[in-house]
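> Provide a 3D model corresponding to the input given below.
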Amino acid sequence: MRSKLFVPGSRPELFAKALHGEADAISIDLEDAVAEARKAQARELVAAWLREHEDARGKLVIVRVNAMDTPHFEADVAAVVRPGLDVLNLPKPESRDDVRSALEVVRRAERANGVTQPVGLLLNVETPRALRRAAELAKSDARVMGLQVGLGDLFEPLGIDRREIAAVQHVLIAVRLAAGESGVGAYDGAFADIQDSDGFLAEAQLARRLGFTGKTCIHPSQVALANEAFRPTDAEIAHAVKVTAAATDADARGAGAYVVDGRMIDRPFLQRAQAIVATARRLGLLSNP
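Modelled structure (predicted):
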């Protein structure tokens, strides 16, 4: 999931456009993008759209619900956890118990709405406590498919400049390591300045260098930038193909390490090459063997 395009849950006229756009996932938002007075209406609009598109596949469908400490959470889950939803985006969980409590609500909705394919959870890391417990959150349940950074919610209450690169790097590497410990994906959050394409791209490229898989987009103009930033480069693909090919020869010779393009290769480098090759094939940049 290189790109995830946010769409306000109160704007159903945008759902189909996002579904057929270039983003890898559509993320319908019932939280920040919807005014308090329109929460109930937006919830019903999203539920109706999911009922109509429950067989639509080819793009990941995510819904961000309101946080667990709001009066909207359980009603949101009951409405949107139905066939057609792939992932529930949970804001502000801070403990394993939070995630497990949320999952109980999700399971009730699945039973009530006839969901046979379990819905995954994407957890937002957007409070100091969540950052400290990120690995615990990621390991809460097998349904957790990833951690997502929320820098605005994390930084603004603490007076940390959202553009302070040292702070951004610190949070990104902490979340990536927590996700890696747990074997789930790590996803970068939103970049609010829609006019600053260079800033968005630079942050996306930083996230990719730190091992993130993709980034949230809040405007369609950001989607192509995210897709490009999280695409393996031609040079990376070429090197990865050489590494995987050389591994076959090394195995035949019983060699644990070998040299490709002047670099010593052993298991961690092979794993990285295999991941790049798999991504390139999934994106149609390499033909399948």
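> Where does pLDDT dip in the stretch 151-289 of the chain?
Within the stretch 151-289 of the chain, the stretches with pLDDT under 70 are 254-255, 289.
> again, only this time at 90
Scanning the stretch 151-289 of the chain for pLDDT under 90 picks out 232-289.
> and if you look at the stretch 1-150 of the chain?
Ranges of the stretch 1-150 of the chain meeting pLDDT under 90: 16, 19-20, 51-59.
> Would you map the strands across this protein?
With DSSP state E, the ranges of strands along the chain come out as 3-8, 25-29, 60-64, 87-90, 120-125, 144-149, 185-188, 214-217, 258-260, 263-265.
> show me what contacts residue 65?
Contact analysis of residue 65 by Cβ atoms under 8 Å, 6 or more residues apart in numbering lists 30-31, 72-73, 76-77, 80, 88-91. Bear in mind the C-beta positions are built from the backbone N, C-alpha and C, glycine included.
> What is the neighbour count of the spatially closest residue to it that is not a sequence neighbour?
Distances taken as Cβ to Cβ, 6 or more residues apart in numbering put residue 76 closest to residue 65, at 3.8 Å, once the chain neighbours are dropped. A count of nearby residues for residue 76, using other Cβ atoms under 10 Å, gives 27.
> surely residue 76 meets residue 30?
Yes - Residue 76 is in contact with residue 30 according to Cβ atoms under 8 Å; the separation is 5.4 Å.
> Name the residues contacting each of these two.
43, 63, 65-66.
> Among those residues, give me the pair with the biggest separation.
63 and 66 (10.6 Å; Cβ to Cβ).
> circling back: what's the closest of the strands of the chain to residue 284?
Using Cβ to Cβ, those put strand 3-8 closest to residue 284, at 15.7 Å.
> Now do that closest one and strand 25-29, the angle between them.
30 degrees (axes from the mean of the first three to the mean of the last three Cα atoms, to 10 degrees).
> what packs against strand 3-8?
Counting contacts by 3 or more Cβ pairs under 8 Å, 6 or more residues apart in numbering; DSSP states H and E, strand 3-8 packs against helix 15-19, strand 25-29, strand 60-64, strand 214-217, helix 223-229.
> Adjacent strands (with direction) for that strand?
Looking at strand 3-8 with DSSP bridges, its partner strands are strand 25-29 (parallel), strand 214-217 (parallel).
> Which residues does the longest helix seen in the chain contact?
The longest helix of the chain (DSSP state H) is helix 234-253. With contact meaning Cβ under 8 Å, 6+ apart, helix 234-253 is reached by 232, 256-258, 260-261, 265, 269-270, 272-274, 276-277, 280, 285-286.
> Filter these down to the buried ones.
Neighbour-count burial (16 or more other Cβ atoms under 10 Å) applied to these gives 232, 258, 260, 265, 269-270, 272-273, 276-277, 280, 286.
> Name the nearest of those residues relative to residue 131.
Using Cβ to Cβ, those come closest to residue 131 at residue 272, 25.7 Å.
> one step back: pull out the CA atoms of the longest helix of the chain and give them to me as CSV.
Provided in CSV are the C-alpha atoms of helix 234-253 (Å, rounded to 0.1, in the frame of the first residue of the first chain):
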residue,chain,number,x,y,z
ASP,A,234,15.3,0.6,-11.6
ALA,A,235,18.8,0.4,-10.1
GLU,A,236,17.4,-1.3,-6.9
ILE,A,237,15.4,-3.8,-9.0
ALA,A,238,18.3,-4.6,-11.2
HIS,A,239,20.6,-5.2,-8.2
ALA,A,240,18.0,-7.2,-6.3
VAL,A,241,17.5,-9.5,-9.4
LYS,A,242,21.3,-10.1,-9.5
VAL,A,243,21.3,-10.8,-5.7
THR,A,244,18.5,-13.4,-5.9
ALA,A,245,20.1,-15.1,-8.9
ALA,A,246,23.5,-15.2,-7.3
ALA,A,247,21.8,-16.8,-4.2
THR,A,248,20.8,-19.8,-6.2
ASP,A,249,24.4,-20.3,-7.3
ALA,A,250,25.7,-19.7,-3.8
ASP,A,251,23.3,-22.3,-2.4
ALA,A,252,24.5,-24.9,-4.9
ARG,A,253,28.1,-24.2,-3.9
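> I'm done for today, thanks for sticking with me.
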